[in-house]
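[1] Quick check, what structure comes out for this input:
(2 chains)
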Amino acid sequence: MFKKLLILLIPFFSLGQNYYAYVASESEDTVSLIKFDGKEAVEAERIDVGFMFAEIEGPHGITVDPSGDFWYISLAHGNPFGTLVKYSTETNQAVARTTLGLFPASMEISAITGFLYCVNFNLHGSMKPSNVSVVDPETMTEITKITTGSMPHGSRLSPDGLFQYSVAMMSGELFEIDALDLKVSRVLNLEKKMMNDKKMDGKMMNHDNMKGKMMSNDKKENMMKSMGDMKHSMVKPTWVIPHPKESIAYVAGNGSDEVIEVNLDKWEVSDRFKTGKGPYNLEITPNGKLLIGTIKSEGKTAIWNLENKEELAIIKNTTSVSHGIAISSDSKYAFISVEGIGGEPGIVDVIDLDSYELVSSVKVGKQAGGIAFWKKEI
Amino acid sequence: MKKLILIIIAIFSLQLNHSQNLSIESNLDGLILNIGDTFQAESYISDLDGNKTTCERLIYYQKDGAFNVGTAIDPTGVFVASDPGIFEIVAVCVGMEGGKRLSQTFLVGVKFPKASSIDFNINGELYVGNFAEVNSVAKYADGKEKSDLNFKYESSDPAIIKVDDLGNLKAIKKGSSVISASFDGQTVSKKINVLNNPVVSIDLSSDSEGFIKTGDVINLSAQLKDKKGNILSGIEPKFSFSGVSTNKSTTASGLISDKGKFVADIAGEYVINASFGNTNSSIQVKAVNRDIQKEIVKLGLGEVFDRRTSDAWFFEGTDGKDYGVSGTWGSDGTAYFWDVSDPTDIKKIDSIQVDARIVNDVKVSKDGKLCVISREASSKRKNGIILIDVTDPSNAEIISEYTTNLTGGVHNIFIYENHVYALNAFANPAKYYVINIEDPKNPKEVGFFEVDEPGSAIHDVWIEDGIAYSSNWKQGVYLVDVGNGIAGGSPSNPVEIGNYRYDSGGNHAAFPFKSKSTGKFYVIMGDEIFPEGVDGNTFNETAGYLHFIDFTDLKNPVEVARYEVPGHGSHNYWVEDDVLYIGMYTAGVRVVDISGELMGDLYKQGREIAKYGTGHPDGYVPNSTMLWGAQYFKGNIFYSDFYTGIGALKLLDKKKDNSNTNQFASDQTLKEALGAEDLLDFFQILASPPIE
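    Numbering: from 1, shown residues only, chains lettered A, B, ... in the order given. Next up is the predicted model:
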């Protein structure tokens, strides 16, 4: 009887599972909804984002809220500030928006506070401390901006939603923000000891050319003061991801070609291991076993076993400039956004995390970047 | 087992229902404060039965106005009422069981403080029959002022001066009256004397003879005379007009200024009036249609159908022939070079490709040797500008690239006297940099200009006669001396000399010109607005218009006229010999007469000479006009269209032929579409019985 019942149920078990992810195309002002059925990834829908016709607004960071009802996109460019736009996953229509800071980038929503924490990357602006915008997505109100370091990037919440982590690319620091108090609780210098000892030569800085040329005396004085305080990171951290179960976080050292392990209890660097050239984004599978990293400058994706930090695979992506990572909720697949170059389309590669193989690719808009997993459907 | 499952489901549902019926209650509810009050918010969670529990972590914030910039209130829930008005304060309870959160918005009112005093401006003397307006302002202890209030006005002797609720006065007869304004228990008063109207007659005349054309500005002269015939000085008449259109389907329309200028928009008979008190005088003016429409024809097209086209620039090459360069948008960083010597046979002669998805702006130096293009969305995120040798445009060669301080993407550039002015819109404040290119292999930055307001933006820059005109969105246009000398400025020391901004905040481009016919100096400021957002793959609604600012007095610019095509918005434009050539997005190329003095609605006045739609059936978006910009060059009108490439038009020196109105444009249409040889055949076909 039981056997007969099992046989009857087999068709249901062999029904496909569909995975969905959203990916932003920064040079196309579009977001694509990707559907992967376990074999093939397709672009299910392409959504126009942005409000200015002849200006590229640069959709950069993207996230889906914990309920799965809405997705959020940061538009990096503006007059001059960027924008956060909220979309319904049901209709993929915009429902609300709010203004953030300069070049808003990566973001995530805390399951505890429900607030969205978005770094204002300020990629092309002056090298001075930027901030993290805290937004209540219910009212789409920017509640506050919390000052962090120079060029903050990567925004990830601790598994309990109580702390937000970001790194400052130019000042080489890891910032922890208390998600409830809305204040910076800890800062960690990520430079190696010998990097700290190296004095920066002011002549290396581009804006040094401006010295004494056309500024008022007041401006000159302020510039000299800020140059004295500025530090240019050798690590150039670009991402941070907390472990889903352990009190550890991993940082991508884009300038030092390494992954930095941080012990969050002791608040110190506990390990560093080398990667290929230019690690950019990192994610950890929900089961806590694997670390996935995009190696931007090589156009590859690396997979490490987190138990022993062994590099399990290094996979060549379909085109160059590997960017973002989204991992399916069942830890089975990694969706990698790959920017491409010039006029070629962006790509989303799908990597099977059991076989460590690239199993499918799909074209999207130019300069595919921010990517977020939405759901798995049976 | 079944029963157990059902019980579990019921409990779960109860819990769900229970959590769904929770709300936050707070002492913020219905709260009214005075300015300066400190308040401690206290909130708790309440269920339907009125049971209260505390929330472990409450966060308060204030929603603040149209831009949704909130302010996190102190974690203790203490805040100070610092501004009057009604505010939304949101209380958020986080960290609830199951990771849920609860939020509630409360409206909190802060009373306006009492005014500490009132003031108004009003003349101490009026003449019988004259009107005047009282403008009152309430002043507060914190230094703020407010004028949009319901002041109460009174006249101590309404038989001398009448005053209405809005502060409008009318002087009735000779005498004096005290006019008072009151608000919030404060009062201000002033005695006004009403004098007999000394003006017995007004000699009104205009500087036009015979009829005028719509759009012509006439100057009125009104001499106010006493009973002895002496001309009175120190008093000014009020001008007004009425009119009847010559077209019974429309109404007369025009504009008259308090300085005695009049312009008619619509052909008709107008009566212009000058009055002082109860003395007035009129003249009649007949306005006829400006009637300046001319034929415009297409000469040639430089097709770019497989990608979108951005800006274009047309120039004389070092060999004396005519060339063009155009950029591409949302593509692979290609810029094209064209031979346009024969505008009926435009030829693509070369192209270059750079690491970018957008080549937004293209410019060529006056000597025709050097081309500079701007980059956006490069793969390496280092955009900047590219310098190209176009001594031989059929063999364009990249000389150098420059990205310092311009990594974020350069939207617009301008070349002027061995310097490139390049925008950095990502800085805060946004700015343009001045780059010396005397040695194009080694460009070097020598200066920059920024609007000294945090959050200011920039979109374009244009230089003429050593003055840079930057378009700064909400901050409007800035005039900066970069070598003119009027304020001692230079490329390395830009000095601001003027600014004008307007309410829409959409200032996208600026073009200065000195009117050849009047000598007045104007800056045309254009908007760029997309009311419904954008879709780069289809028709888009555009809006905004051109504002004409009289900058003859640099310190006191005055907005005097506008050009707006209903339902369409502006983009880039060019002025030559008092004719304006506009890239009017969905409205195509528009050619506009801007000769003479400018005042009012230039479109309504019939100043449009010609128009041309540039869509093409094979365009990137078929049959869709999206005109980026127009340039008058050696007698022809060249343009770039987002969906079709570049093209050339010719304005003919003959009246527009309207004989095709409501006609089939060609016999081919009749034959192919309708199977008719001609119109008569067509009507016979229509009249035939249907085939059974």
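[2] can we go C-alpha only for contacts and neighbour counts from here?
    OK.
[3] So what pairs up with the closest residue in space to residue B:641 that isn't next to it in sequence in the strands?
    Using C-alpha to C-alpha, 6 or more residues apart in numbering or on different chains and skipping the chain neighbours, the partner closest in space to residue B:641 is residue B:627 (4.4 Å). In this entry, residue B:627 is beta-bridged to residue B:585, residue B:641, by DSSP bridges.
[4] Please apply the same query to residue B:467.
    Residue B:467 has the following beta-bridge partners by DSSP bridges: residue B:464, residue B:481.
[5] contacting residues for it?
    B:479, B:480, B:481, B:482, B:483, B:484 (C-alpha atoms under 8 Å, 6 or more residues apart in numbering or on different chains).
[6] Worst mean pLDDT across the helices and strands of chain A, which element?
    Across the helices and strands of chain A, mean confidence by mean pLDDT, DSSP states H and E is lowest for helix A:217-229: a mean of 42.
[7] moving C-terminal of that one, what's the next helix or strand?
    strand A:237-242 (DSSP states H and E).
[8] residue boundaries of the helices in the stretch 401-550 of chain B?
    With DSSP state H, counting those that start in this stretch as the criterion, the stretch 401-550 of chain B has no helices.
[9] Residue B:529 contacts residue B:542, correct?
    Yes. Contact criterion C-alpha atoms under 8 Å: residue B:529 and residue B:542 qualify, at 6.0 Å.
[10] Can you give me the neighbour number for the closest residue to chain B within chain A?
    Proximity of chain A to chain B (C-alpha to the nearest C-alpha) peaks at residue A:343, 3.5 Å away. Neighbourhood size, residue A:343 [other C-alpha atoms under 10 Å in any protein chain shown]: 21.
[11] Show the contacting residues for it.
    Counting by C-alpha under 8 Å, 6+ apart, residue A:343 touches A:366, B:330, B:331, B:332, B:333, B:356, B:357.
[12] Just the ones of those in strands?
    Using DSSP state E, no member of these falls within strands.
[13] In which helix or strand does the closest residue to chain A within the stretch 151-300 of chain B reside?
    Residue of the stretch 151-300 of chain B nearest chain A, by C-alpha to the nearest C-alpha: residue B:300 (24.9 Å). Using DSSP H and E, residue B:300 sits within strand B:294-303.
[14] neighbouring strands for that strand, and are they parallel or not?
    With DSSP bridges as the test, strand B:294-303 pairs up with strand B:645-655 (antiparallel).
[15] Can you list the buried residues in the strand it pairs with?
    For strand B:645-655, the neighbour count (16 or more other C-alpha atoms under 10 Å in any protein chain shown) marks B:645, B:646, B:647, B:648, B:649, B:650, B:651 as buried.
[16] next one: stretch A:142-151 to chain centre, how far?
    With C-alpha atoms, centre = their mean, to the nearest Å as the basis, stretch A:142-151 stands 16 Å off its chain's centre.
[17] Give the burial count for residue B:488, as a bare number.
    A count of nearby residues for residue B:488, using other C-alpha under 10 Å, gives 12.
[18] My read is that it contacts residue B:481, right?
    Yes. Counting by C-alpha under 8 Å, residue B:488 touches residue B:481, with 7.1 Å between them.
[19] Common neighbours of the two, please.
    residue B:495.
[20] returning to that earlier point: mind checking the SS state of the residue of chain A closest to chain B?
    Under DSSP: H, G, I helix; E, B strand; the rest coil, the three-state class of residue A:343 is coil.
[21] tell me the phi and psi of whichever residue of chain B sits closest to chain A?
    Taking C-alpha to the nearest C-alpha as the measure, chain B has residue B:332 as its residue closest to chain A, at 3.5 Å. Torsion angles at residue B:332 (phi, psi; degrees, to the nearest 10) stand at phi -120, psi 20.
[22] List the contacts of it.
    Contacts here follow C-alpha under 8 Å, 6+ apart; on that basis residue B:332 touches A:342, A:343, A:344, B:353, B:354, B:355, B:356, B:357, B:358.
[23] Just give the closest residue to residue A:181, not the sequence neighbours.
    residue B:75 (6.9 Å).
[24] in chain B, what spans have low per-residue confidence?
    For chain B, the stretches with pLDDT under 70 are B:1-20, B:65-72, B:98-99, B:533-537, B:663-674, B:690-692.
[25] Spell out the residue ranges of the helices in it.
    For chain B, helices defined by DSSP state H occupy the ranges B:2-20, B:667-668, B:674, B:679-687.
[26] What of chain A?
    A:2-13, A:193-197, A:217-229.
[27] Now stretch B:286-301: buried residues?
    B:286-290, B:293-296, B:298-301.
[28] ditto for stretch B:218-229
    Buried, per 16+ other C-alpha under 10 Å, within stretch B:218-229: B:218, B:219, B:220, B:221, B:222, B:223, B:224, B:225.
[29] Between which two of those is the distance greatest?
    Comparing every pair within the buried residues of stretch B:218-229 by C-alpha to C-alpha identifies B:218 and B:225 as the most remote, at 22.3 Å.
[30] who's in contact with residue B:283?
    Going by C-alpha under 8 Å, 6+ apart, the list of residues near residue B:283 reads B:204, B:205, B:271, B:272, B:273.
[31] and with 6 Å instead?
    B:271, B:272 (C-alpha atoms under 6 Å, 6 or more residues apart in numbering or on different chains).
[32] Tell me how many other residues surround residue B:103.
    By other C-alpha under 10 Å, neighbour count at residue B:103 equals 19.
[33] And it, how close does it get to residue B:93?
    6 Å (C-alpha to C-alpha, to the nearest Å).
[34] shaky segments in the stretch 51-200 of chain A?
    In the stretch 51-200 of chain A, residues with pLDDT under 70: A:194-200.
[35] For residue B:157, which non-adjacent residue is spatially closest?
    residue B:177 (5.3 Å).
[36] How about residue B:635?
    residue B:650 (7.6 Å).
[37] residues contacting that neighbour?
    Contacts of residue B:650 by C-alpha under 6 Å, 6+ apart are B:296, B:297, B:636.
[38] and if you look at residue A:159?
    residue A:244.
[39] do that again at 10 Å, thanks
    Taking C-alpha atoms under 10 Å, 6 or more residues apart in numbering or on different chains, we find residue A:159 in contact with A:110, A:111, A:112, A:242, A:243, A:244, A:245, A:246, A:247.
[40] Can you get me a residue count around the second one?
    The reference is to residue A:111. By other C-alpha under 10 Å, neighbour count at residue A:111 equals 23.
[41] Quick check, it in contact with residue A:180.
    No. Here residue A:111 does not reach residue A:180: they are 11.6 Å apart, not a contact under C-alpha atoms under 10 Å.
[42] Which residues are in contact with each of those two?
    In contact with both residue A:111 and residue A:180: A:161, A:162, B:94, B:95, using C-alpha under 10 Å, 6+ apart.
[43] Of the residues you listed, which belong to strands?
    Per DSSP E, the subset of these in strands is residue B:94.
[44] Going by distance to residue B:250, which of the shared contacts of residue A:111 and residue A:180 wins?
    Proximity of the shared contacts of residue A:111 and residue A:180 to residue B:250 (C-alpha to C-alpha) peaks at residue B:94, which lies at 63.1 Å.
[45] and the closest one, how many neighbours?
    22.
[46] In contact with it: list those residues for me.
    A:111-115, A:180, B:55-59, B:100-103.
[47] With residue A:168 instead?
    Contacts of residue A:168 by C-alpha under 10 Å, 6+ apart are A:119, A:121, A:129-131, A:148-154, A:174-175, A:189-190, A:233, A:236-239.
[48] What's opposite the residue nearest the centre of chain B in the beta bridge?
    Centroid-nearest residue in chain B, with C-alpha atoms, centre = their mean: residue B:527, separated by 3.5 Å. Beta-bridge pairing for residue B:527 (DSSP bridges): residue B:507.
[49] How far does the strand holding residue B:300 sit from its chain's centre?
    29 Å.
[50] do the same with stretch B:286-296
    Worked out by C-alpha atoms, centre = their mean, stretch B:286-296 lies 27 Å from the chain centre.
[51] Stretch A:80-97 now?
    18 Å.
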